[in-house]
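Chemist: give the three-dimensional model of this entry:
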Amino acid sequence: MSDLSPAARADDPPSGLSVVTGTKPRVEPLDPPMVPFALAGLGAFVVATIVCLLADAPDSWLDTSVAGFLVGIPGLITMIVHDRNRKRRRALSHPEFRAS
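Modeler: I've put the predicted structure just below:
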């Protein structure tokens with residue numbers, strides 16, 4: 001009886017898909033410092049607040065820009081803690097990596 005199982009035999013060449021997907025290394029996710037992004041967001045809301053004040057914009061626009069700045073402060077604190085733990089996360093996932 002012949003072997004009809006779908007398992008690959010040693011003499012069969014690998015299929016095109018397994019050659020492409022089987023040889024690629026796993027891409028690691030990015031872990032950039034996040035504090036600069038939080039500061040940029042806070043700065044954008046400060047600029048928006050100043051523009052609203054100078055342009056005599058509607059009160060709802062001014063309220064939105066001030067609220068965005070105030071809500072961004074806890075976000076900044078969260079990103080500071082996130083970046084503080086970054087070195088520990090990197091040491092667990094890449095022991096050879098030295099963050100400065």
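Chemist: what score does residue 15 have for pLDDT?
Modeler: Confidence per residue is given as pLDDT, and for residue 15 that number is 63.
Chemist: which parts of this protein are helices?
Modeler: Secondary structure of the chain (DSSP state H): helices located at 16-22, 35-54, 59-84, 86-93.
Chemist: Throw those into a markdown table and include distance to residue 28 and mean neighbour count, thanks.
Modeler: Backbone N, C-alpha and C define where each C-beta goes, glycine included. Rendered in a markdown table, the data for those read as follows (distance: least, Cβ to Cβ, whole Å; neighbours: other Cβ atoms under 10 Å):
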| stretch | distance to residue 28 | mean neighbour count |
| --- | --- | --- |
| helix 16-22 | 17 | 9 |
| helix 35-54 | 20 | 14 |
| helix 59-84 | 17 | 14 |
| helix 86-93 | 8 | 12 |
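Chemist: quick one: closest of those helices to residue 29.
Modeler: Residue 29 lies closest, by Cβ to Cβ, to one member of the helices of the chain: helix 86-93, at 9.7 Å.
Chemist: which of the helices of the chain has the lowest average pLDDT?
Modeler: Looking over these, mean pLDDT reaches its minimum on helix 16-22, with a mean of 62.
Chemist: any chance of the helices of the chain in CSV, plus distance to residue 29?
Modeler: Supplementary listing: the helices of the chain in CSV, determined by distance: least, Cβ to Cβ, whole Å:
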stretch, distance to residue 29
helix 16-22, 19
helix 35-54, 16
helix 59-84, 14
helix 86-93, 10
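Chemist: what sits up against stretch 28-41?
Modeler: Under the criterion Cβ atoms under 8 Å, 6 or more residues apart in numbering, residues 68, 72, 75-76, 78-80, 82-83, 86, 89-90, 93 lie in contact with stretch 28-41.
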